[in-house]
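> sequence first, then the predicted structure, then my questions.
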Amino acid sequence: MGRRRLLAGRMRYLLLVGVALLAGPGWAQTPSLLRGRVLDAETHQPIPNAQIGVAGNRIGTSTNEDGRFVLNIPPQYQQEQLEVVLLGYRKHVQALPALPGPELRIELRLSPAALGEVRVTASVMGLVREAVARIPRNYPTRPTRLTGFYRESDNDPNGRPRYLVEGLLTVLKVPYQQRTAEGVVQIRQSRKVDLRPLTPVRIDWAGGPFIAHFADFVHARAQFISPAHFRDYDYRLAPGSSYADRPVYVVAFEPRPGNRRAHFAGRMYIDQDSYAFLGAEWHYTPTGLRSGIHRADARNLRVAYQPYAGRWHLKTVWWQTNYRPAVGEPLQYFGEFLTTAIDTIQGAPPTYPERVQRDDVFLNNAVPYDSAFWQSQTTLLPSESLRKGLLDQRRQQRADSLFKLTTPEPPPAPLVPAAAPQPASRLLHRIRYGASVGAWPLAVSASAMAVNYEPAHSSFRAQSSVGVAAQKLIGWWSAEYLFDLSTELAVRLATRHVFGRFTGDGWEAGLSYQHNFNPRHRPIFGRLGLAYTHQTVARALGTFENTSGSVRVAGTTLRADELGLQLQSVAAAGQPTLGLGLELSRKTELVADLGYRLPLRTRTQLQVNEESGFFLTRSSAALDLPSSDVSLRVNEQPAATVPWQPSRWLLSVGLLYRFQ
């Protein structure tokens with residue numbers, strides 16, 4: 001009996017979990033929600049990406065892959081008109097139904113226009129040129145602020161979602177007379193579900209919210225509407241249609257035969273009256289795919305504009321990228337941006353810390369989840385397959401853990417912040433690493449060095465004469481690893497490699513403290529450090545044939561056919577540093593540090609390296625000077641030290657890139 005009750009209780013709990021998931025706050029029915037589905041009037045198939053607007057597009061959304069939408073209607077707009085528009089279909093207008101109510105069914109009819117009905121008085125390229133020339137007349141000539149919803153997801157090859165993240169964005173755009181694909185983006189709200197397992201190698205998508213800028217082909221003057229690239233494309237007039245009951249020219253474009261400079265192919269829609277670009281859809285050509293940083297397998301975009309206050313503004317962006325990384329499964333990224341409000345009033349831009357940067361990963365944004373906001377706001381409705389995939393995985397996760405619980409936990413609602421990372425994950429997120437390059441003061445006297453090496457009990461002999469030019473700086477690059485103890489204090493381990501006329505390796509370990517003096521704008525950091533350093537600076541003497549068969553150096557036997565010699569200084573020191581850092585981006589920092597070396601030990605050595613044979617089996621050994629086996633002369637005078645030494649005061653300037 002006890003077992004039955006326990007089983008019945010657990011079954012009831014599973015049922016409650018399912019009900020809670022299906023009725024989460026983002027998808028729950030409320031009295032002000034309008035739900036609908038948009039279908040093709042002839043085929044009765046769902047129409048995705050149709051634009052839904054109320055009250056002159058002051059609020060709006062778009063249909064998902066199943067043609068469905070959900071829109072939160074504030075009380076002041078419940079007597080307004082509902083508009084549904086999509087390129088190629090007649091505009092649908094009706095009064096809003098009484099709320100709450102059943103799902104609204106809307107059918108759109110095609111609005112084809114025969115080519116004979118369109119009077120074209122110039123070449124097709126002339127149409128495009130005229131539309132480009134009228135951009136200052138048709139698009140904003142003052143800064144504008146767009147508010148909109150953004151969604152990003154990644155699906156596995158079977159179509160199951162790996163993660164889903166969406167947010168409310170503020171997008172600031174400069175006037176359209178300025179050609180740019182850059183701009184400011186701020187994340188106002190965010191929620192996410194991350195269903196990916198924790199793996200050592202994970203590829204995250206960065207810069208997604210910036211599609212509102214770089215996909216704005218009119219603002220960016222994309223290649224297919226750039227006069228500098230007109231010669232790379234063929235333009236032709238495709239069968240015409242209408243957009244929002246406006247007659248348009250449909251212009252198809254593709255690379256000219258044999259052209260390898262054109263990156264895109266697709267079609268664009270130009271208003272017949274104003275010559276404004278109302279939208280476009282295009283994909284990257286093989287040349288365009290090769291031009292990208294990651295060389296994606298496929299990339300497609302769709303963009304539409306909407307009228308407001310006598311100008312055309314960005315309305316929707318949809319993009320899809322398929323990418324096959326060197327490690328891991330193929331990635332299928334999807335993203336959507338939908339403008340829900342347009343503000344032409346000048347206002348203070350967001351401060352630097354509030355802005356998103358191109359190398360930020362939207363999935364990892366730190367904006368806290370606000371359940372009250374998401375219960376009362378409209379967002380883009382997930383497709384049925386995406387929603388089902390999320391629910392199936394969440395249910396399975398809950399079912400797997402259910403029988404391990406001693407007391408039931410309240411079920412999580414969908415699209416809440418991702419589950420807190422495990423301790424190992426938190427530990428990994430405290431590790432940062434980066435690389436930098438810079439210059440390092442090294443006092444080098446102009447001199448001539450002569451080295452004679454004759455090891456005892458061996459027939460090997462090596463003689464070398466090299467000239468050393470005077471210089472004051474050497475180049476270096478370094479890799480560093482930091483483990484954060486707090487937001488400002490970290491344990492630091494770095495390796496440093498000298499390049500140029502001199503070579504050498506070194507390392508340092510210690511503590512690093514960094515404080516931001518400019519928290520509301522671009523960060524300027526004050527830097528303090530204390531480290532133990534060990535650095536080698538060497539000058540090559542040449543490669544010599546080893547006819548003796550074996551050479552024993554400081555207890556190590558070297559048997560390679562060729563041996564390379566270098567003269568080096570090895571310095572160990574304590575080093576306090578004081579410096580400044582200027583953040584160029586979230587991951588890039590220009591740093592300058594002034595350090596003072598407190599020498600602990602300095603040695604001059606002759607380094608002997610095996611130069612032949614399989615590189616993994618090569619050995620090396622160092623012989624401290626002075627030594628009876630080595631004769632060193634500097635400017636024809638006997639010497640036991642090299643003619644160079646690091647300065648006590650070390651000014652290093654570098655560019656630091658942090659990978660995490």
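In hand now; what should we look at?

> ok, and for stretch 56-64, which residues are buried?
Buried residues in stretch 56-64, counted by 16 or more other Cβ atoms under 10 Å: 57, 59-64. Using the backbone N, CA and C atoms, a C-beta is placed for each residue, glycine as well.

> keep only those of these that are in helices.
Counting by DSSP state H, the buried residues of stretch 56-64 place none of their members in helices.

> which of those residues fall in strands?
Members of the buried residues of stretch 56-64 lying in strands (criterion: DSSP state E): 59-62.

> closest to Ile345 out of those residues?
Ile59 (18.0 Å; Cβ to Cβ).

> bridging residues for the closest one?
Val54 (DSSP bridges).

> now for the buried residues of stretch 56-64: which two are most distant?
Asn57 and Asn64 (18.9 Å).

> Trp328: what's it in contact with?
That one is not Trp; residue 328 is Gly. Applying Cβ atoms under 8 Å, 6 or more residues apart in numbering to Gly328 gives the contacts 199, 201, 203.

> buried set for stretch 433-449?
434, 436, 438, 440, 442, 444, 447, 449.

> ok, now stretch 652-660?
By neighbour count with 16+ other Cβ under 10 Å, stretch 652-660 contains the buried residues 652, 654, 656-658.

> pull the residues that contact it.
429, 431-440, 476, 478, 480, 581, 587-593, 595.

> quick one on the thing from earlier: now the buried residues of stretch 433-449 in JSON lines, with secondary structure and pLDDT?
JSON lines is the format used below for the buried residues of stretch 433-449 (DSSP: H, G, I helix; E, B strand; the rest coil; pLDDT from 0 to 100):
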{"residue": "Gly434", "secondary structure": "strand", "pLDDT": "83"}
{"residue": "Ser436", "secondary structure": "strand", "pLDDT": "85"}
{"residue": "Gly438", "secondary structure": "strand", "pLDDT": "82"}
{"residue": "Trp440", "secondary structure": "strand", "pLDDT": "81"}
{"residue": "Leu442", "secondary structure": "strand", "pLDDT": "88"}
{"residue": "Val444", "secondary structure": "strand", "pLDDT": "91"}
{"residue": "Ser447", "secondary structure": "strand", "pLDDT": "93"}
{"residue": "Met449", "secondary structure": "strand", "pLDDT": "94"}
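
> that older thread, so which of the contacts of Gly328 comes closest to Gln463?
Using Cβ to Cβ, Val201 comes nearest to Gln463 of the contacts of Gly328, at 50.8 Å.

> please name the nearest non-neighbouring residue to that closest one.
Using Cβ to Cβ, 6 or more residues apart in numbering and skipping the chain neighbours, the partner closest in space to Val201 is Val327 (5.2 Å).

> quick check: which element contains the one you found?
Mapping Val327 onto the secondary structure by DSSP states H and E places it in no helix or strand at all.

> look up how far Pro200 lies from it.
Separation of Val327 from Pro200 (Cβ to Cβ, to the nearest Å): 10 Å.

> which of those two has more neighbours?
Between Val327 and Pro200, Val327 has the larger neighbour count (other Cβ atoms under 10 Å), namely 9 against 6.

> correct me, but that one touches Arg202?
No: taking contacts as Cβ atoms under 8 Å, Val327 lies outside contact range of Arg202: 9.8 Å.

> end-to-end on stretch 219-228?
One end of stretch 219-228 sits 16 Å from the other (Cα to Cα, to the nearest Å).

> no, scratch that, I was asking about stretch 266-286
Using Cα to Cα, one end of stretch 266-286 lies 14 Å from the other.

> same deal with stretch 260-273?
From its first residue to its last, stretch 260-273 covers 34 Å (Cα to Cα).

> flag every buried residue along it.
The neighbour-count check on stretch 260-273 (16+ other Cβ under 10 Å) flags 262-272 as buried.

> now stretch 246-263
Neighbour counts over stretch 246-263 (16+ other Cβ under 10 Å) mark 246, 248-255, 262-263 as buried.

> now the helices for the protein?
Counting by DSSP H, the chain has helices at residues 2-22, 124-133, 135-138, 211-214, 217-220, 286-291, 371-376, 384-402, 423-428.

> lowest average pLDDT across these?
For these, mean pLDDT drops lowest on helix 2-22, to a mean of 37.

> list phi and psi for the nearest residue to His213 once chain neighbours are set aside.
What sits nearest to His213 in space, not counting adjacent residues and going by Cβ to Cβ, 6+ apart, is Gly183, at 4.3 Å. Backbone geometry at Gly183, expressed as degrees, to the nearest 10, gives phi 170, psi -180.

> which residues touch Gly183?
Applying Cβ under 8 Å, 6+ apart, we find Gly183 in contact with 171-174, 210, 212-213.

> among those residues, name the ones in strands.
The members of the contacts of Gly183 that map onto strands under DSSP E are 171-173.

> for this structure, which spans come out with low pLDDT?
1-31, 57, 112-122, 240-245, 292-295, 375-429, 659-660 (pLDDT under 70).

> tell me what Gly510 is bridged to.
Where Gly510 sits in a bridge, its partners, by DSSP bridges, are Arg492, Ala531.

> that one touches Arg492, doesn't it?
Yes: if you go by Cβ under 8 Å, Gly510 and Arg492 touch, sitting 5.9 Å apart.

> need the overlap of contacts for those two.
529, 531.

> how about stretch 302-313, which residues are buried there?
302-308, 311-313.

> I meant to write stretch 43-59 there.
Applying a neighbour-count criterion of 16+ other Cβ under 10 Å, one finds 46-55, 57, 59 buried in stretch 43-59.

> identify the residues contacting the residue most central in space within the chain.
Centroid check for the chain by Cα atoms, centre = their mean gives Ala206 as the closest residue, at 2.2 Å. Each residue near Ala206 by Cβ under 8 Å, 6+ apart is listed here: 358-362.

> do Ala639 as well
Per Cβ under 8 Å, 6+ apart, neighbours of Ala639: 632-633.

> and with 10 Å instead?
447, 449-450, 604, 625-626, 631-633 (Cβ atoms under 10 Å, 6 or more residues apart in numbering).

> for Ala470, same thing?
Each residue near Ala470 by Cβ under 10 Å, 6+ apart is listed here: 443-447, 643-644.

> so which of the residues you listed comes closest to Val570?
Trp644 (12.5 Å).

> residues in a beta bridge with the nearest residue to the closest one once chain neighbours are set aside, which ones?
Among residues not flanking Trp644 along the chain, Val444 sits closest, at 4.3 Å (Cβ to Cβ, 6+ apart). Here Val444 sits in beta bridges with Gln471, Trp644, going by DSSP bridges.

> mind listing what Val444 touches?
Val444 touches 468-474, 501-502, 537, 539, 642-645, counting by Cβ under 10 Å, 6+ apart.

> ok, now with 7 Å
If a contact means Cβ atoms under 7 Å, 6 or more residues apart in numbering, then Val444 has 468, 470-471, 643-644 as its contacts.

> are any of those residues buried, and which?
With neighbours counted using 16+ other Cβ under 10 Å, these contain these buried positions: 468, 471, 643-644.

> hmm, which two among those are most spread apart?
Pairwise distances across the buried ones among the contacts of Val444 (Cβ to Cβ) peak at 11.3 Å, for the pair Gln471 and Pro643.

> what bridges to the closest residue to Arg256 other than its chain neighbours?
Residue nearest to Arg256 in three dimensions, not counting chain neighbours: Asp234, with 5.1 Å by Cβ to Cβ, 6+ apart. Note on Asp234: beta-bridge partners Glu254, judged by DSSP bridges.

> Asp234 contacts Gly258, correct?
No: using Cβ atoms under 7 Å, Asp234 is not in contact with Gly258, being 11.2 Å away.
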